[in-house]
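Asks: what follows is a predicted structure for the sequence shown.
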Amino acid sequence: MAFAKSDIGNYLALNDSLRSTSDIPIYQYMQLMTKTKNHELNDQLTKTYLEKDPSGVYASEALVARINNGLSNNPVLVNKLLDSLNTRYDVMEAFSKQNQLSKVPIKYRQQTEFAKLCLYQSVSQDDYGAPEKIALLGSIIKGGAVYYAFKFSLPEYDEKNQLIGLTGPYKAGSAKLNFEHYFAYTGYDVLKTNWRAQATKMIKPLIDAYKE
């Protein structure tokens, strides 16, 4: 991995405008770091990156790598990445795998906030891009389980209308968060006035989507 240290150093030496067009495989290095259990190597590479480019596009990967290897992290950076829906899930999942989810502020560990985050993740991986203006409509109880309905917008998909998404099932009152799947579903249907009836019809396709 001697080449990695050299490549990362060369990448960080570039100005901001050149970093975006650089062919140095920083993403691959950072992804490798998140999966590599090597305390000393991870510390050297990720610390160098985060000290020189804490707002860089690979900051979340570097932070996750440090969490996975039991390395210390700057609380300011941790909070910054948790504040963003773009990076929150990966950071929370990393803490969860280390049995350190308590390090995540409780506001992000609430069922409704986690459900919103899972819907964001699920939609973001589709072809329409990241959702905007996600807001909780309410909850539905069925079969003793809780489902959360949300409205959101996708300007590139439908600029005029809000769409509806559903997440669940959750156990009422449980503090446990499941990172195994997103358990979120949307058919990209336009939100109707009777959202509750609309969301109830989405429960079966949501469950079917995650059947083994």
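Replies: Right, received. Where do you want to start?
Asks: going by C-alpha atoms from here, please, whenever you check contacts or count neighbours.
Replies: OK.
Asks: what about residue 209, neighbour count?
Replies: 12 (other CA atoms under 10 Å).
Asks: residues contacting it?
Replies: Residues in contact with residue 209, defined by CA atoms under 8 Å, 6 or more residues apart in numbering, are residue 185.
Asks: how near is it to residue 37?
Replies: 33 Å (CA to CA, to the nearest Å).
Asks: for the spatially most central residue of the chain, which non-adjacent residue is closest in space?
Replies: Against the mean C-alpha coordinate of the chain, by CA atoms, centre = their mean, the closest residue is residue 89 at 2.8 Å. Leaving aside its chain neighbours, residue 89 sits nearest to residue 117 (6.9 Å; criterion: CA to CA, 6 or more residues apart in numbering).
Asks: would you confirm that that neighbour belongs to a strand?
Replies: No - Residue 117: not assigned to a strand; according to DSSP: H, G, I helix; E, B strand; the rest coil it is helix.
Asks: flag the shaky bits of the protein, pLDDT-wise.
Replies: Along the chain, segments meeting pLDDT under 70 span 1-27, 38-39, 159, 212.
Asks: and the strands in it, which stretches?
Replies: 132-142, 145-154, 158-170, 184-185 (DSSP state E).
Asks: wait, which of those strands is closest to residue 65?
Replies: For the strands of the chain, proximity to residue 65 was assessed by CA to CA; strand 184-185 is nearest, at 26.5 Å.
Asks: the closest one: partners in the sheet, and parallel or antiparallel?
Replies: strand 158-170 (antiparallel) (DSSP bridges).
Asks: contacts for the strand it pairs with next, please.
Replies: Contacts for strand 158-170 (CA under 8 Å, 6+ apart): 111, 115-116, 118-119, 145-154, 182-191, 195, 199, 202-203, 206.
Asks: narrow those residues to just the buried residues.
Replies: 111, 115-116, 118-119, 146-154, 182-186, 188, 190-191, 195, 199, 202-203, 206 (16 or more other CA atoms under 10 Å).
Asks: using TSV, lay out the strands of the chain together with distance to residue 83.
Replies: Formatted as TSV, the strands of the chain follow (distance: least, CA to CA, whole Å):
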stretch	distance to residue 83
strand 132-142	15
strand 145-154	19
strand 158-170	21
strand 184-185	21
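Asks: ok, the residue nearest to residue 89 touching residue 90?
Replies: No - using CA atoms under 8 Å, residue 117 is not in contact with residue 90, being 10.7 Å away.
Asks: count of neighbours near the residue nearest to residue 89?
Replies: For residue 117, using other CA under 10 Å, the count is 20.
Asks: gap between it and residue 139?
Replies: 16 Å.
Asks: again with residue 149
Replies: For residue 149 relative to residue 139 (CA to CA), the value is 6 Å.
Asks: my guess is residue 31 contacts residue 61. True?
Replies: Yes - judged on CA under 8 Å, residue 31 makes contact with residue 61 at a distance of 6.4 Å.
Asks: ok, the two, which is more surrounded?
Replies: Neighbour count, other CA under 10 Å: between residue 31 and residue 61, residue 61 has more, with 21 against 15.
Asks: ok, back up a step: check contacts around the residue nearest to the centre of the chain.
Replies: 82, 117-118, 121.
Asks: next: residue 211.
Replies: Per CA under 8 Å, 6+ apart, neighbours of residue 211: none.
Asks: go on, residue 56?
Replies: Counting by CA under 8 Å, 6+ apart, residue 56 has contacts residue 50.
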